[in-house]
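Visitor: all I have is the shape, not the residue letters:
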């Protein structure tokens with residue numbers, strides 16, 4: 001039976017211990033939700049960057065690529081928005097993004113030692129669990145909550161619990177969850193997504209600046225079958 005872990009913030013990652021493991025990153029408000037949303041609506045790929053300068057470097061090598069992101073929840077000069085609905089508003093057909101956020105893309109960009117890396121959100125939890133179980137049977141799975149500047153984030157932990165629930169339903173040998181994975185599952189099993197995201201610190205901030213629709217978008221469960229996998233520095237949709 002494969003192990004299923006939840007790390008409550010990206011700072012818990014140990015690069016030297018990632019070999020032979022599947023890593024799934026969650027930044028529900030909003031990096032991974034945005035990545036899932038834009039890929040599901042026609043974007044060709046998203047290159048996660050460690051910071052704004054890294055995004056500019058990536059974009060310089062990708063003709064036609066767009067810059068998008070935020071830093072500490074604030075817009076970056078010359079960059080498109082970081083949230084799913086706003087980023088999709090200008091059309092996505094074939095778009096390529098160099099994307100920089102405070103937490104989620106930093107976690108994704110740092111995972112050089114993992115055997116397989118995916119981005120997940122509430123939007124695609126079922127598809128990611130199904131794909132990982134099918135494509136990587138028997139491998140340890142790390143569900144990594146991006147967190148926020150080394151702090152625990154309720155919405156990411158809820159998202160991890162959502163994925164744990166789907167892994168638990170797969171059967172066929174299944175997964176052995178750690179205590180953190182069980183705790184995340186209990187949270188997701190006992191609370192609806194809109195409540196969890198709306199009461200989170202980031203969710204409350206987003207509501208205070210008029211972005212309730214973005215939070216509501218990220219709170220939808222399993223509405224996309226897209227599975228973003230990190231391949232050669234680019235998150236691209238693979239078969240679910």
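Guide: Thanks, I have the structure now. From a predicted model like this one, the values you see are computed outputs, not experimental measurements.

Visitor: and the strands in the chain, which stretches?
Guide: Under the criterion DSSP state E, the chain contains strands at 2-7, 21-26, 45-49, 66-71, 74-75, 96-100, 116-120, 140-145, 175-177, 227-231, 234-238.

Visitor: closest to residue 218 out of these?
Guide: Closest to residue 218 of the strands of the chain is strand 21-26 (CB to CB; 10.8 Å). (Each C-beta comes from the backbone N, C-alpha and C, glycine too.)

Visitor: quick one, that closest one and strand 116-120 angle?
Guide: Angle, strand 21-26 to strand 116-120, by axes from the mean of the first three to the mean of the last three CA atoms, to 10 degrees: 20 degrees.

Visitor: what strands line up against strand 21-26, and which way round?
Guide: Using DSSP bridges, strand 21-26 pairs in its sheet with strand 116-120 (parallel), strand 140-145 (parallel).

Visitor: out of those strands, which is closest to residue 170?
Guide: If we rank the strands paired with strand 21-26 by CB to CB, the stretch that ends up nearest is strand 140-145, at 11.2 Å.

Visitor: separation between the nearest residue to residue 71 once chain neighbours are set aside and residue 202?
Guide: Spatially, and ignoring its direct neighbours in sequence, residue 71 is nearest to residue 102 (5.8 Å; CB to CB, 6 or more residues apart in numbering). To residue 202, residue 102 is 10 Å away according to CB to CB, to the nearest Å.

Visitor: anything in contact with each of the two?
Guide: Taking CB atoms under 8 Å, 6 or more residues apart in numbering as the contact rule, residue 102 and residue 202 both touch 73, 148.

Visitor: hmm, residue 233 is touching residue 47, no?
Guide: Yes - with contact defined as CB atoms under 8 Å, residue 233 counts as touching residue 47 (5.8 Å).

Visitor: dump the residue contacts of residue 135.
Guide: Residue 135 touches residue 116, counting by CB under 8 Å, 6+ apart.

Visitor: same check, this time on residue 204
Guide: residue 198.

Visitor: any stretches of this structure with poor pLDDT?
Guide: The chain contains residues with pLDDT under 70 at 171-173, 240.

Visitor: again, only using 90
Guide: Judged by pLDDT under 90, the chain has its weakly predicted residues at 1, 13-17, 90, 112-113, 149-150, 169-174, 239-240.
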